[in-house]
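Trainee: Below: sequence and its predicted model.
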Amino acid sequence: MANPFLNDKAMNDAARDGWGAPDQAGRSTPREASAGRVVGGPRPAWGAPTAPGTSVHDGPISEWHSQLMTVRGTISATGVLLVLLLISATFGWLLGPDNQGGEVRGFPVLALAGILVGFACAIAVHFRPMWAKVLGPIYALGYGFFLGVISRAYETYQHGIVLQAVGATVGVFVAMLFLYKTRIIKVTDRFRRIVIVATMGLMAFYFLSFVIFLGTGAGGGGSFLNSTSLFSIGFSIFAAGLAAMMLAVDFDFIEKGVNAGLPKGMEWYAAFGLVTTIVWLYLELLRLLSKLQRR
């Protein structure tokens, strides 16, 4: 499930609330940062040597560094969440469906609980971004278990598909990072609005399909998503492409947050959003590859 909540409003709320960051007057707003302006004068380069007692915006330079969001800190937080996700996915894989011996074990109920936990964490983090450092690991453990189970289910009937989906996810991530860094893809306000609105609409459709599946065990939404028709394959290509575009939005949020001097707590919020997008992309690619192999 993706997290379409990484936007300028979240950055403005963080700058307003503070979260223990340096004085508000010493930080730029997201719009000022994106325009290359920093309120209160230029910020020093990271790691630049300073004389003892040197201060920036009425605060020691060491304190200024330690309380700000950085790319390195965001990468570290993302790494922690991905490690927890993989650990939990391993347990889900071990307990997932298996057809060895001619008997197929059922889908663990805990996997459905993992979906609900992940959804609840995403909603809670939207309203309480400062909880991301706690809810992020919970999401990784809960949704990771579901990922392990669903991956094992696909692997049971289509050998090798999980490795292909993982490789495709890594490939798309690297490609989108390259396209974003080289500015081949530019995240404008219009681009961001289109991607977020489309994502929220897609998530609403998935949620409705999930409710129908729980109520009937089948249903139009579920059968359409698993169909191998050209229209269904086209839908999966669209969904995977949308997930890839959301990666660009995530990268833009991280870059703007660092340039705006947002509080360090936003590293976990940004990492949470990035991990949910990676998970969403993996699931879309897994479904797409499954359809293509079954045609």
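Mentor: Done, it's in. Numbering: from 1, shown residues only.
Trainee: Chain neighbours aside, what residue packs nearest to Tyr282?
Mentor: In space, and not counting its chain neighbours, Tyr282 is closest to Thr169: 4.5 Å by CB to CB, 6 or more residues apart in numbering. (C-beta placed from N, C-alpha, C; glycine too.)
Trainee: From what I see, Phe173 and Trp280 are in contact.
Mentor: No. At 11.9 Å, Phe173 and Trp280 do not qualify as touching, with contact defined as CB atoms under 8 Å.
Trainee: Mind checking which of these two has more residues around it?
Mentor: Ranked by neighbour count (other CB atoms under 10 Å), Phe173 and Trp280 place Trp280 first, with 25 against 17.
Trainee: Can you give me the buried ones in whichever strand or helix holds the more buried one?
Mentor: Assigned by DSSP states H and E, Trp280 belongs to helix 266-294. Buried residues in helix 266-294, counted by 16 or more other CB atoms under 10 Å: 266-291.
Trainee: now stretch 135-146
Mentor: Within stretch 135-146, the residues that qualify as buried are 135-146, counting by 16+ other CB under 10 Å.
Trainee: can you pull the contacts of the nearest residue to Ile115 once chain neighbours are set aside?
Mentor: Once flanking residues are discounted, Ile115 sits nearest to Phe146: 5.4 Å by CB to CB, 6+ apart. With contact taken as CB atoms under 8 Å, 6 or more residues apart in numbering, Phe146 is in contact with 92, 111-112, 114-115, 118.
Trainee: I'd guessed Val149 sits against Gly92; true?
Mentor: Yes. Using CB under 8 Å, Val149 is in contact with Gly92, at 4.2 Å.
Trainee: residues of the host helix or strand of Gly92 that come out buried?
Mentor: Applying DSSP H and E as the criterion places Gly92 in helix 71-95. Within helix 71-95, the residues scored as buried using 16+ other CB under 10 Å are 73-74, 77-78, 80-82, 84-85, 88-89, 91-93, 95.
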